[in-house]
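Novice: make a model of this:
(one chain, ligands or ions: 1)
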Amino acid sequence: MKASIRQLQPYVPEKPLAELQRELGVKKLVRLSANENPYGTSPAVEQAVKNWSFDQANRYPDAEARVLRAAVAKRERVAPDQLVFSVGLDEMIVMVSRTFLEPGDQVLVSGPTFSEYGLHAAIEGAELVTVPTLANDHVDFAGLASALTPAVKMVWLCNPNNPTGTVESLSAIEAFIRQVPATTMVLIDEAYLDFVPDASETTAMQLPSKYENVVVMRTFSKAYGLANFRIGYAVFAPKYAPTMQAVRLPYNVNSLTQVAAVAALADQDFVKKTVAKNAVERRHWQAYFTTNGYQFDESAANFIFFADPQADELAEYLRQNGYLLRTGLRPGWLRLTIGTAEDNAELRRLMSEFKR
Ligand SMILES: *Cc1c(COP(=O)(O)O)cnc(C)c1O
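Specialist: Modelled structure (predicted):
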């Protein structure tokens with residue numbers, strides 16, 4: 001076994017909801033710990049999946065995902081061959097780590113951030129270097145720039161960042177990229193970009209065409225509500241796209257998933273409604289946290305990161321009452337996925353009721 005693997009802590013995934021609900025003995029259990037879409041999935045996706053002809057079941061899927069590729073390229077204004085699809089954005093994190101890292105390399109992140117970057121750096125024998133966020137939990141770009149060494153082969157920028165929800169401007173990101181050597185990859189994870197109020201001005205989607213060491217990543221798991229289908233993609237510069245196609249397993253994205261993603265992309269009305277409802281609910285939460293004197297980060301995403309002196313006890317109380325929040329990301333802090341209006345109201349009622 002690789003020495004780098006022997007020391008890893010296995011990832012603890014979310015338990016199936018039905019099983020956990022039985023365990024807790026609650027009538028209803030709402031998962032607000034995984035940043036899933038609380039409004040479900042577009043009905044157009046259900047229809048497209050039902051229309052899929054089962055007589056293709058014994059055939060391999062289209063390895064190039066041609067229909068989906070054309071649709072994404074058109075929407076994001078990139079060349080079709082800049083796109084690489086993956087089994088969720090998670091698989092893209094695996095692929096780029098395998099491709100660009102060797103034992104002894106360094107991977108630079110602003111922390112706290114998504115744990116998968118560090119996990120896959122560790123598997124490749126690379127060292128994770130974390131520059132803490134500023135007091136308001138925004139990225140310390142000056143700190144990141146001064147941590148750049150010849151050993152740094154990858155820099156991850158999660159924008160908006162998970163778990164803080166904070167968003168950085170495109171100009172700040174581009175100014176940072178100009179300080180990064182061309183041999184260091186800058187990976188911009190835009191899993192939550194759809195939720196940003198001025199998403200089209202914030203996205204770095206056009207940067208891989210301008211800087212060949214920049215990669216921009218998206219997923220259908222969050223605003224598009226396709227978490228179960230496992231589909232994400234990245235946009236590479238023309239220099240690296242063919243390399244990535246070589247690393248990728250040829251049939252990684254199955255046909256049902258391709259069909260689902262095409263239908264989801266076509267139903268922008270569903271995405272717009274999801275984003276609009278999330279924005280309204282985000283404002284309610286911000287007002288609640290402000291009124292009740294909580295410290296919280298300014299979120300541009302579908303979750304909020306907030307502090308509570310009894311964070312773990314509060315999370316346990318909410319769990320016993322049917323609501324799951326994400327713990328363990330920073331001592332004394334919890335991450336809450338913004339749910340439906342009804343669930344948010346019930347959750348705020350429970351939080352106000354919690355005996356301290
Ligand atoms: C959810 C998430 C992903 C992975 O999503 P997939 O379901 O694997 O597409 C990637 N990055 C961040 C920051 C996320 O929160």
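
Novice: for stretch 281-300, C-alpha coordinates in PDB please.
Specialist: The C-alpha trace of stretch 281-300 is given here as PDB (Å, rounded to 0.1, in the frame of the first residue of the first chain):
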ATOM      1  CA  GLU A 281     -34.300  32.600   2.400                       C
ATOM      2  CA  ARG A 282     -30.700  33.700   2.800                       C
ATOM      3  CA  ARG A 283     -31.900  37.200   3.600                       C
ATOM      4  CA  HIS A 284     -34.200  35.800   6.300                       C
ATOM      5  CA  TRP A 285     -31.400  33.800   7.900                       C
ATOM      6  CA  GLN A 286     -29.000  36.800   7.800                       C
ATOM      7  CA  ALA A 287     -31.700  38.900   9.500                       C
ATOM      8  CA  TYR A 288     -32.300  36.200  12.100                       C
ATOM      9  CA  PHE A 289     -28.500  35.800  12.900                       C
ATOM     10  CA  THR A 290     -28.100  39.600  13.100                       C
ATOM     11  CA  THR A 291     -31.100  40.100  15.400                       C
ATOM     12  CA  ASN A 292     -30.000  37.300  17.600                       C
ATOM     13  CA  GLY A 293     -26.400  38.400  17.900                       C
ATOM     14  CA  TYR A 294     -24.800  35.500  16.000                       C
ATOM     15  CA  GLN A 295     -21.400  35.800  14.300                       C
ATOM     16  CA  PHE A 296     -21.800  34.600  10.700                       C
ATOM     17  CA  ASP A 297     -20.100  34.900   7.300                       C
ATOM     18  CA  GLU A 298     -21.600  36.900   4.500                       C
ATOM     19  CA  SER A 299     -22.800  34.100   2.100                       C
ATOM     20  CA  ALA A 300     -23.300  34.200  -1.600                       C
END
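
Novice: buried set for that stretch?
Specialist: 281-282, 285-286, 288-289, 296-300 (16 or more other CB atoms under 10 Å). Heads up, the C-betas are built off the backbone N, CA and C, glycines and all.

Novice: ok, residues contacting that stretch?
Specialist: 136-137, 160, 164-167, 192, 195-197, 302, 304-308, 336, 338-341, 344, 348, 352 (CB atoms under 8 Å, 6 or more residues apart in numbering).

Novice: now swap in stretch 192-209 and tell me
Specialist: Against stretch 192-209 from outside (CB under 8 Å, 6+ apart): 35, 76-79, 82, 159-160, 162, 165, 167, 169-170, 173-174, 177, 188, 190, 214-216, 218, 222-224, 235-237, 271, 274-275, 278-279, 300-302.

Novice: one more: stretch 6-23?
Specialist: 28-29, 31, 33-34, 115, 119, 122-123, 324.

Novice: what parts of this structure come near the ligand?
Specialist: For the chain, the contact set with the ligand under CB under 6 Å from any ligand atom comprises 35, 88-90, 114, 158, 162, 189, 191, 219, 221, 227, 232.

Novice: could you redo the last one with a cut-off of 5 Å?
Specialist: Proximity of the chain to the ligand, by CB under 5 Å from any ligand atom, involves residues 88-90, 114, 158, 162, 189, 191, 219, 221, 232.

Novice: what is the least confident helix or strand in this structure?
Specialist: helix 3-6 (a mean of 88; mean pLDDT, DSSP states H and E).

Novice: strands along the stretch 51-200 of the chain, start to end?
Specialist: Along the stretch 51-200 of the chain, counting by DSSP state E, counting those that start in this stretch, strands occupy 83-86, 106-111, 127-132, 152-158, 185-189.

Novice: relative to strand 127-132, how tilted is the fourth one?
Specialist: In other words, strand 152-158. 40 degrees (axes from the mean of the first three to the mean of the last three CA atoms, to 10 degrees).

Novice: how much space between the residue of the chain found nearest the ligand and S221?
Specialist: Residue of the chain nearest the ligand, by CB to the nearest ligand atom: G88 (2.6 Å). Distance of G88 to S221, computed by CB to CB, to the nearest Å: 6 Å.

Novice: again, but for R356
Specialist: Counting by CB to CB, the gap from R356 to S221 is 35 Å.

Novice: for those two, work out which one has more neighbours and name it.
Specialist: Legend: neighbour count by other CB atoms under 10 Å for R356 and S221, higher for S221 (22 against 7).

Novice: tell me the contacts of A315?
Specialist: By CB under 8 Å, 6+ apart, A315 lies in contact with 325, 327, 334.

Novice: please repeat the previous calculation with a cut-off of 10 Å.
Specialist: 33, 308, 323-328, 334-336 (CB atoms under 10 Å, 6 or more residues apart in numbering).

Novice: hang on, the residue of the chain closest to the ligand packs against F220?
Specialist: Yes - taking contacts as CB atoms under 10 Å, G88 lies within contact range of F220: 8.5 Å.

Novice: for the two, list the residues in contact with both.
Specialist: Joint contacts of G88 and F220 (CB under 10 Å, 6+ apart) are 191, 226-227, 229-232, 257.

Novice: good, wrapping up.
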